[in-house]
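Asker: model the structure of this input:
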Amino acid sequence: MSMPVSAETLRLHLDYTTWASQRLLDQAATLSREELTRDFKTADSSVLGTLAHIFGADRVWLQRLEGNPRNTILDPEDRDLARLQKAWPVVLQRWKERAASMTDEQAAANVSFRDMKGNSYEMPLWQVLLHVVNHGTHHRGMVSGFLRSMGHTPPQLDLIAYYRTLALAERTAAS
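Answerer: The predicted model follows:
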């Protein structure tokens, strides 16, 4: 399969996932403890549980690519908003640093890793990166739904909103 996206596009989408996750993390900081932990009967239960899941997956995939795989997605202390506010931006920054000098050839190259069950896989790096972004988008959408059901207006997280934010920043910088 040929690579349908460039390394630059992958960097842009990693930047998007950082932007969107931070916006949702900032909104979560305005919620009460009861709102953060309200059980919505989903796999990750709550706003906090779902945010922790996204963080854990972002970290798991990064560590797989760094050759330092984890045995679990989350540690017990990861289900804490203060911990997420501190640790998640660090993980997202490591993703951005990893991608900063990535070439199209590197993005198209296969990476090997093991899942948490020990199964071996090999796939192009670009597929892993798009999966990480898509996975985060899916679960951020769930959190947005949780927020709405509690009477909150979630932050705008659509990719097009990110593109518009970038365009506005470019126009402002040019003037």
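
Asker: only C-alpha atoms from now on, for both contacts and neighbour counts.
Answerer: Fine.

Asker: what's the burial count for the nearest residue to residue 29 once chain neighbours are set aside?
Answerer: Of all residues not flanking residue 29 in the chain, residue 81 sits nearest, at 7.5 Å (C-alpha to C-alpha, 6 or more residues apart in numbering). Residue 81 is flanked by 20 other residues according to other C-alpha atoms under 10 Å.

Asker: what pLDDT does residue 81 get?
Answerer: Residue 81 is assigned 98 on the pLDDT scale.

Asker: now it: how far from residue 37?
Answerer: From residue 81 across to residue 37, the span is 10 Å (C-alpha to C-alpha, to the nearest Å).

Asker: which neighbours do the two have in common?
Answerer: residue 48 (C-alpha atoms under 8 Å, 6 or more residues apart in numbering).

Asker: just the helices in the chain please.
Answerer: 7-28, 33-37, 47-65, 81-100, 104-108, 125-149, 159-174 (DSSP state H).

Asker: any idea which of those helices is most buried?
Answerer: Most buried of those by mean neighbour count (mean count of other C-alpha atoms under 10 Å) is helix 47-65; its value is a mean of 22.

Asker: okay, now residue 152: neighbour count?
Answerer: Quick note: residue 152 (other C-alpha under 10 Å) scores 13 neighbours.

Asker: any idea how far it is from residue 64?
Answerer: 36 Å.
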